[in-house]
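Asker: how would this look folded up:
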Amino acid sequence: MKFDWSKYYDLASELVSTDTDEAKQRSSISRAYYAAFCLARNYLKEELNEEAAPNENVHQFVADRLKNATNKTIREIGKDLSDLRRLRNKADYQDTIFKLNNDAKFALKLAKNIIEKIEELRENIIGF
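Answerer: As a prediction, the model looks like this:
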């Protein structure tokens, strides 16, 4: 059975809402990113028949392809995904982060926006 990547968003929400532990907040940002990224990657692949070349950085490919789309909603997804990726890189690699709780909440907001827009696009393409 295919994994439902939005479950990572649910986990990210739980991690932020249940604790102010730094590791949980950092993990929340990471899970929020991967929920949004994998849904966006799959949208490109399944609906638009586009995917990164084998040696290409798939994270950069997805963000760039979305940011350069002609459709405004898709461009917004690309911008939000790039912003979310910066937060994820910060959470995963920086030793010290000031206002981490704010970053975690903003990451959830970005991820939610991305997920909702992808769902809307899929409904319009599929015709539901």
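Asker: tell me who's in contact with Gln36.
Answerer: I think there's a mix-up here, since residue 36 is Ala and not Gln. For Ala36, the set of contacting residues under the criterion of CB atoms under 8 Å, 6 or more residues apart in numbering consists of 9, 80-81, 84, 110-111, 114-115. Heads up, the C-betas are built off the backbone N, CA and C, glycines and all.
Asker: which of those has the most neighbours?
Answerer: The residue in these with the most neighbours, by other CB atoms under 10 Å, is Ala111 (30 neighbours).
Asker: that one: what secondary structure?
Answerer: Ala111 carries the three-state label helix when classified by DSSP: H, G, I helix; E, B strand; the rest coil.
Asker: tally up the residues packed near the closest residue to it other than its chain neighbours, please.
Answerer: With sequence-adjacent residues excluded and distances taken as CB to CB, 6 or more residues apart in numbering, Ala111 is closest to Ala32, at 3.9 Å. The burial metric for Ala32, expressed as a neighbour count using other CB under 10 Å, is 32.
Asker: per-residue pLDDT, Phe3?
Answerer: Model confidence at Phe3, given as pLDDT, is 96.
Asker: burial measure for it, as a count.
Answerer: Burial measure for Phe3: 8 neighbouring residues, criterion other CB under 10 Å.
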